[in-house]
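**Q** structure for the following, please:
(one chain, ligands or ions: 1)
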Amino acid sequence: MKESGKVIGIDLTENMLKKARENAEKHGYRNVEFRHGDIEQRIPVEDNSVDLVISNCVINLTTNKEDTFREIYRILKPDRKGMMIISDLVTSKEIDADSINAENWCSCIDGALTKENYIDSIKKAGFTNVEILDEKLYMELDEGKEDQEKRQITSISIKAVKE
Ligand SMILES: C[S@@+](CC[C@H](N)C(=O)[O-])C[C@H]1O[C@@H](n2cnc3c(N)ncnc32)[C@H](O)[C@@H]1O
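**A** From the prediction side, this is the model:
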């Protein structure tokens, strides 16, 4: 990042913000700022102001991915000047709300959507230009039910541009 650029980090938890600020101080990063916010409700950043949004394994922790992608879309610059490059996990099979395990949710697994639903929620948020950059099998979950196929959890990287 050039000295003239600026990076804004967002997190829901004060502990993570404290850690990020301490690391920035330790390494002498002056053009970074960390803000508290829930990305699903409202990203604390102005409309149409950001060149690039990056995220790894965070959007899966939100309950409504479409709302989160709508917030990302809102803050990106229009006219192909703003884009997001994100990675997350997708699943071969979504699980019912009453089978969600809190630990698996925090590991970005039980909140995972199928690849089709994940991409659909990006498009419903307004992005028309969506590209899969990478896709790798992350793990197979054997849930001990003989009659059921193992759940395949895949890591996926996606680029989407705001037109
Ligand atoms: C799995 S960690 C992120 C890992 C990190 N991106 C990396 O690549 O190492 C998830 C982070 O997302 C934050 N988080 C979870 N839900 C959030 C939300 N709704 N809004 C903002 N931050 C959230 C958590 O506090 C946590 O710091």
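**Q** how is the protein partitioned into domains?
**A** 1-37, 48-162 (automatic domain parsing).
**Q** could you give the mean pLDDT of the first one?
**A** Per-residue pLDDT over domain 1-37 has a mean of 94.
**Q** now it: buried residues?
**A** Under the neighbour-count criterion of 16 or more other CB atoms under 10 Å, domain 1-37 has 8, 10, 11, 17, 20, 24, 32, 34, 37 buried. (Each C-beta comes from the backbone N, C-alpha and C, glycine too.)
**Q** out of those residues, list just those in helices.
**A** 17, 20, 24 (DSSP state H).
**Q** what does the helix or strand of the chain with the lowest mean pLDDT contact?
**A** Using mean pLDDT, DSSP states H and E, the weakest-scoring helix or strand in the chain turns out to be helix 102-106, at a mean of 90. By CB atoms under 8 Å, 6 or more residues apart in numbering, the surrounding residues in contact with helix 102-106 are 61, 110, 111.
**Q** right, is it up against the ligand?
**A** No - using CB under 6 Å from any ligand atom, helix 102-106 never reaches the ligand; the gap is at least 7.8 Å.
**Q** kindly export that helix (C-alpha atoms) in CSV.
**A** In CSV, the C-alpha atoms belonging to helix 102-106 read as follows (Å, rounded to 0.1, in the frame of the first residue of the first chain):
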residue,chain,number,x,y,z
ALA,A,102,-22.2,-23.1,17.5
GLU,A,103,-18.6,-24.3,17.2
ASN,A,104,-19.1,-25.2,13.5
TRP,A,105,-20.8,-21.8,12.9
CYS,A,106,-17.7,-20.0,14.4
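**Q** what comes up buried for the helix or strand that it is followed by?
**A** Sequence-wise, the next helix or strand downstream of helix 102-106 (DSSP states H and E) is helix 115-124. When burial is assessed from 16+ other CB under 10 Å, helix 115-124 yields the following buried residues: 115, 117, 118, 119, 121, 122.
**Q** ok, now how distant is the most centrally placed residue in the chain from residue 111?
**A** Centre of the chain computed as the mean C-alpha position; nearest residue by CA atoms, centre = their mean is residue 59, 3.1 Å away. Distance, residue 59 to residue 111, using CB to CB, to the nearest Å: 9 Å.
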